[in-house]
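Colleague: fold the following, please.
(one chain, ligands or ions: 1)
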Amino acid sequence: MELWFDFPSVVTYVLAAVSCASLLILHTRRRPRYPPGPKGLPIVGNLLDVPTHNAWIKYKQLGKKYGSDIIHFEVFGSHIVVLNSTTVARDILEKRSQISSDRTHSVMLNELSGWAEERNFGFMRYGDGWRRQRRLFQQHFRRKAVAQYHAIQSKSVHSLLNALLDRPERFIANLRFMAGSMILRIVYGTDIQPGDSRLTLVEKAVGTLVEVMNAGVFLVDVFPILKHIPSWMPGAGFKRKAAEWKTLVDDMYEVPYNDFKASVSLNVLLGVPHRTIADDEYNGYFIPAGTTIIANAWAMLHDEERYPDPETFIPERFLNKDGTLRSDACIPLEPFGFGRRICPGRYFAEDIVWLAIASILSVFRVEPPVDEHGEPLKQTATFGTRFLSAPTPFKCCFTLRYPEAEGLIRASATSTA
Ligand code: HEM
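Modeller: Numbers count the residues shown, from 1 in each chain. Sure thing, here's the model as predicted:
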């Protein structure tokens, strides 16, 4: 794990030394029985064991190593618990949701970088304020309410098909534009064109969120008192960086545009961490109040017992021998989180993902590109290794399934424009 801090000043040293001394005292006390995990070092604990790249894969490997679906880390006295199976995640985040639905307050993220809790209830601490916001949101996005967006969703998908016909090589940009422009139509009734500068601004601002999440541990989150050191001091590089990020985030919130961000962060392999608000015991393990809980959705969806050979694309795994859908096949909910904080946008998301995939496949054959001998080029699926992982750029061809498809695509794009 990276420690994000540049050359410390004398003040920083003194503050850190005092806090380290307290941590050392705590460390030497009798240790409760936490879930298994790597043995940490004095004071810093598991700082060097918490992975920052491909964390979902490493958490699963550690779970196997310790023979447990639940693993534990301690960093500077703060506890982190990772849940690698759906059963454990349901037990802790659903059955005990009254104590496991809080969010961690991060000085770096929520105070210094502009991602204030009041700007997005996804960051809000568990309580009445969050409850009010969530209720309001759900009125517009619950299962029955999302039908009102189907016309806009169809219109966006029709424009997407048209864009795929004109610029198939830009398929990733086309998909991102569909998501962003659709949210704008729904929330503000605004139509935008590809390349709109506000869209670029939002993408940059969301990038800062990813950077904060990726950076590892910020000392200011371990010792919040450091937020008071002036930005010009040596050791305050994190404050200068945060000020840069905050400028972008503030700009984004100034334009009526920020809801776009929900649509760009689709691949949340580790969910959004929860935090516990009371001491708990699970299967004989102690989980103290204030523990950060990470649900490893990737590990759950790569469970070999549920999905044999999980890395291979085998759609038939969901079908009966006669080609009909298996009665126990269902859309896995793990990517949308758990319990009281489960993604309230999931019905909307499921509908648009289904509509886009079904529409693309009904008019296009999506295939790998071919080499000079007409043989399909072999491509390995690789993904980003850090928080919000997306597939690394790859090539594919969109070919019309039948000649009349072009007319259909053009006509539907014009009729819904
Ligand atoms: C495939 C698309 C999506 C995925 C995979 C996804 C995933 C997630 C996850 C993992 C969480 C955290 C859940 C937890 O804490 O346990 C979350 C929260 C949230 N999502 Fe989504 N999401 C998607 C689309 C959307 C959309 C389209 C919207 C808006 C229309 C949305 C709005 C929210 C909000 C407001 C929260 C915060 C909920 C809270 O903290 O109470 N999401 N999402």
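Colleague: do any residues in the helix or strand containing Ile186 lie close to the ligand?
Modeller: When secondary structure is defined by DSSP states H and E, Ile186 falls within helix 171-188. No: if you take CB under 6 Å from any ligand atom as the test, helix 171-188 misses the ligand, and the best it gets is 7.1 Å. Glycine gets a C-beta too; all of them are placed from N, C-alpha and C.
Colleague: would you tell me what the next helix or strand after that helix is?
Modeller: Going down the chain from helix 171-188, the next helix or strand is helix 197-214, by DSSP H and E.
Colleague: just the buried residues of that following helix, please?
Modeller: Neighbour-count burial for helix 197-214 flags Arg198, Leu199, Leu201, Val202, Ala205, Val206, Thr208, Leu209, Val212, Met213, Asn214 (criterion: 16 or more other CB atoms under 10 Å).
Colleague: same question, stretch 167-174
Modeller: Phe171, Asn174.
Colleague: what is the end-to-end distance of it?
Modeller: By CA to CA, to the nearest Å, the extent of stretch 167-174 from end to end equals 8 Å.
Colleague: the closest residue to the ligand within the stretch 1-150 of the chain: what secondary structure?
Modeller: Closest approach between the stretch 1-150 of the chain and the ligand, counting by CB to the nearest ligand atom: Gly122, at 3.2 Å. Three-state assignment for Gly122 (DSSP: H, G, I helix; E, B strand; the rest coil): helix.
Colleague: on that earlier part again, which other helices and strands contact the helix holding Ile186?
Modeller: Judged by 3 or more CB pairs under 8 Å, 6 or more residues apart in numbering; DSSP states H and E, helix 171-188 is in contact with helix 150-166, helix 197-214, helix 261-264, helix 346-363.
Colleague: so which of the ones you listed gets nearest Gly323?
Modeller: Among the helices and strands packed on helix 171-188, the nearest to Gly323 by CB to CB is helix 346-363 (15.7 Å).
Colleague: list the buried residues for the closest one?
Modeller: By neighbour count on 16+ other CB under 10 Å, the buried set for helix 346-363 is Arg346, Tyr347, Phe348, Ala349, Asp351, Ile352, Leu355, Ala356, Ser359, Ile360, Val363.
Colleague: tell me the contacts of the fifth one?
Modeller: By CB atoms under 8 Å, 6 or more residues apart in numbering, the residues touching Asp351 are Val146, Tyr149, His150, Gln153.
Colleague: at 6 Å instead, please
Modeller: Neighbour list for Asp351: Val146 [criterion: CB atoms under 6 Å, 6 or more residues apart in numbering].
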